[in-house]
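>>> Predicted model, plus sequence, below.
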Amino acid sequence: MLDLQTRTIKFNEPLYLESGRMLSNFKLIYETYGTLNADKSNVIVICHALTGSHHAAGTYAGDEKAGWWDGLIGSKKAVDTDKFYVICVNILGSCFGSTSPLSVDRSSGKEYRLNFPVLAISDVVKAQMRLFSELGITRARAVIGGSLGGMQALCYAIEFPEFAQDIIMLASTYQTKPWAIAFNKIAIEAILNDENFKNGEYDAEFIRKNGLKGMAYGRMAGHISFLSPDSMDKKFGRNYVETDGLYDLFGHFQVDRYMEYNGYNFPKRFDPLSYLYIVKMMNIFDCTRHYDSLKDALAPIKANLHLVAFKGDLLFPPSCMREIYDALCEMGREAKTNFVEIDSNYGHDAFLVEIEKFDGYIKNILKG
């Protein structure tokens with residue numbers, strides 16, 4: 001049984017951030033699925049990616065589209081809600097209900113906007129650990145996340161080594177590489193230079209209704225990094241929109257229409273400031289930042305670490321996670337570390353789309 005529940009919890013206490021700043025108070029919205037057992041030992045934590053949310057599975061009343069990992073989470077699925085109590089928390093900075101740049105700063109009585117502090121992955125995970133403490137949860141059977149969610153999973157493994165028995169990272173990295181930062185730069189510049197962004201003082205309702213062209217352009221660039229040349233060939237080929245003339249200067253290939261649809265609809269569902277802050281969070285992620293080497297950074301890990309990479313991933317190629325695997329093996333940790341490279345040419349988003357290629361692997365991990 002899925003038993004989808006959505007809750008919000010407010011913390012009237014400071015959260016001290018890696019930057020040296022703090023949030024004087026904060027709130028988190030989260031979803032749960034399944035039933036928590038008596039000793040609270042059946043918890044699975046799901047970490048979402050950059051533009052994801054706490055809505056990982058199931059549907060709300062009146063919705064047609066299910067949560068972003070619905071194929072993985074549910075009764076008799078890989079993350080079986082008949083056995084496990086699954087929690088997905090909307091990260092700090094996101095625009096889906098947790099404290100974000102559009103939240104009101106208690107000290108000024110105004111929305112934070114560009115006065116919101118820069119967040120690190122560590123801050124996000126620390127806030128979630130505060131939530132789990134409030135719920136009386138001290139241990140998790142597993143933490144699972146892809147992309148930015150995988151960064152969170154690795155942070156759990158390093159900074160809270162006693163928390164989870166298994167850590168499962170998909171399509172992720174131990175540090176964001178220049179290739180990914182470069183793609184993000186396009187979106188950042190496009191947003192900042194859109195006249196309707198107004199230096200962060202835009203009318204949020206206007207943007208939700210009308211979009212933001214700069215953000216749409218940036219999202220189009222992002223979609224190129226989420227796919228691969230092979231998956232674009234298979235998905236679109238050189239097919240032309242049937243109603244457009246081939247020699248019409250502004251006629252569309254199918255891939256043109258796909259980019260426009262995804263680009264222009266994105267700003268209507270995702271806030272530009274949240275996007276800027278979460279992209280910054282991704283860009284500065286580097287688990288070695290407080291250590292002399294990758295091996296030193298990985299040394300605190302006690303959990304079983306499972307690294308799932310995808311062959312066609314251009315954003316975080318398999319080499320990113322193979323570095324983690326090789327370092328741990330050199331440290332004598334091969335018995336508690338697994339690296340799997342999924343044969344996929346879909347691209348980075350394979351961890352969201354090609355669930356059938358890895359769900360059996362996750363199911364076996366959770367069986368122990």
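Structure's in. What do you need? Numbering: from 1, shown residues only.
>>> Where does pLDDT dip in this protein?
Scanning the chain for pLDDT under 70 picks out no residues.
>>> so what's the residue nearest the centre of it closest to, chain neighbours aside?
Nearest to the geometric centre of the chain sits residue 49, at 1.0 Å (Cα atoms, centre = their mean). What sits nearest to residue 49 in space, not counting adjacent residues and going by Cβ to Cβ, 6 or more residues apart in numbering, is residue 147, at 4.0 Å. Placement of C-beta: from N, CA and C, glycine included.
>>> Residue 223 now?
In this structure, residue 223 finds its nearest non-sequential neighbour in residue 262, 5.6 Å apart by Cβ to Cβ, 6+ apart.
>>> coming back round to it: does the residue nearest to the centre of the chain really touch residue 146, like I thought?
Yes: counting by Cβ atoms under 8 Å, residue 49 does reach residue 146; the two are 5.9 Å apart.
>>> Identify the contacts common to these two.
Residues within reach of residue 49 and of residue 146 at once, by Cβ atoms under 8 Å, 6 or more residues apart in numbering, are residue 352.
>>> ok now do residue 85, which residues does it touch?
With Cβ under 8 Å, 6+ apart, residue 85 has these contacts: 32, 33, 34, 35, 36, 37, 40, 42, 43, 44.
>>> Show the buried residues in these.
Burial by neighbour count, 16 or more other Cβ atoms under 10 Å: within the contacts of residue 85 this picks out 32, 33, 34, 36, 42, 43, 44.
>>> Okay, and which of the residues you listed map to strands?
Counting by DSSP state E, the part of those found in strands is 32, 33, 43, 44.
>>> Distance to residue 88 added to the residues you listed, as a markdown table?
Putting those into a markdown table (distance: Cβ to Cβ, whole Å) gives the following:
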| residue | distance to residue 88 |
| --- | --- |
| 32 | 8 |
| 33 | 8 |
| 43 | 12 |
| 44 | 9 |
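>>> for those residues, which one is nearest residue 77?
Among these, residue 33 lies closest to residue 77 (Cβ to Cβ), at 10.3 Å.
>>> I figured the closest one hits residue 75, correct?
No: look at residue 33 against residue 75 with Cβ under 8 Å: they stay out of range, at 9.4 Å.
>>> hmm, back to that, from the contacts of residue 85, which single one is nearest residue 89?
Checking those against residue 89 by Cβ to Cβ gives residue 32 as the nearest, at 9.8 Å.
>>> Next one: the residue nearest to that closest one when sequence neighbours are not counted from residue 78, what distance?
In space, and not counting its chain neighbours, residue 32 is closest to residue 5: 4.8 Å by Cβ to Cβ, 6+ apart. Computed with Cβ to Cβ, to the nearest Å, the distance linking residue 5 and residue 78 is 21 Å.
>>> Of these two, give the one with the bigger neighbour count.
residue 78 (21 against 12; other Cβ atoms under 10 Å).
>>> Just to check, that one is in contact with residue 359?
Yes: contact criterion Cβ under 8 Å: residue 78 and residue 359 qualify, at 3.9 Å.
>>> Okay, buried residues for the helix or strand hosting residue 233 please.
Using DSSP states H and E, residue 233 sits in helix 229-235. Of all the residues in helix 229-235, those buried under the rule 16+ other Cβ under 10 Å are 231, 232.
>>> Please enumerate residues in contact with it?
The contact list for helix 229-235 (Cβ under 8 Å, 6+ apart) reads 227, 255, 258, 312, 345, 346, 347.
>>> The closest residue to the second one other than its chain neighbours: neighbour count?
I take that to be residue 255. Closest residue to residue 255 apart from its sequence neighbours, by Cβ to Cβ, 6+ apart: residue 236 at 4.2 Å. When neighbours are defined as other Cβ under 10 Å, residue 236 has 16 of them.
>>> Isn't residue 236 up against residue 259?
No: counting by Cβ under 8 Å, residue 236 stays clear of residue 259, with 9.9 Å between them.
>>> all strands for the stretch 101-250 of the chain, in order.
Counting by DSSP state E, counting those that start in this stretch, the stretch 101-250 of the chain has strands at residues 104-105, 110-111, 140-146, 164-170.
>>> Can you tell me which of those strands is packed in deepest?
The highest average neighbour count among the strands of the stretch 101-250 of the chain, using mean count of other Cβ atoms under 10 Å, belongs to strand 140-146 at a mean of 27.
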